[in-house]
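Asker: below: sequence and its predicted model.
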Amino acid sequence: MPILEYHLADNCYSDSQIKELLVSSSHLYAEVLACPLDRVRVFVNFYQKRHMAVAGELLSEGGVEAPYFHFLVLEGRPIEQCHQLLTGFTDLVVDVLKVDRSWIRGGCWPIPPQYWAIGGQPASLMRASEIKARALGGDLK
């Protein structure tokens, strides 16, 4: 379920910055949620500067680059984890992309497990199976 999307202006960052953002975000997400890394998905969506406005000004006309991100978690995650991710992803944008913190916005979208599928199966069923496996001492992938 862990899915994160960054929304950025095109041609503002190097490939190495984007790679570091994607990889570091993936590891942070897995660490905070204590989930396997192979479940994490991180995307960067790029937009032409003429298709972005911040504070009513197009970036192509001198507006400020102000990244936005949002991520999904299954409902029931502790609010502290969500706050840790909001702060952590913001910190990564500041550190990796060198953006002023005050311009960054981000959000967390909790999804009810019965409305999310993993391999075509409702996450609510998958979660119940994982809880049962943990109780029996099973290994989760």
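Answerer: The structure has been received and is ready for your questions.

Asker: list the contacts of the host helix or strand of residue 80.
Answerer: Using DSSP states H and E, residue 80 sits in helix 79-97. Residues outside helix 79-97 that contact it (CB atoms under 8 Å, 6 or more residues apart in numbering) are 4, 6, 8, 12-13, 17, 20-21, 24-25, 28-29, 32-33, 67, 69, 71, 73, 99-101, 104, 106-108, 110. No exception for glycine: its C-beta is placed from N, CA and C like everyone else's.

Asker: quick check: next helix or strand after that helix?
Answerer: Next element after helix 79-97 (DSSP H and E): strand 105-111.

Asker: next structured bit after that following strand?
Answerer: strand 117-118.

Asker: ok, that following strand: who's next to it in the sheet?
Answerer: Strand 117-118 has the following strand partners under DSSP bridges: strand 121-122 (antiparallel).

Asker: whichever helix or strand comes after the partner strand vs strand 105-111, what angle?
Answerer: Counting by DSSP H and E, the next helix or strand C-terminal to strand 121-122 is helix 123-135. In terms of direction (axes from the mean of the first three to the mean of the last three CA atoms, to 10 degrees), helix 123-135 departs from strand 105-111 by 80 degrees.
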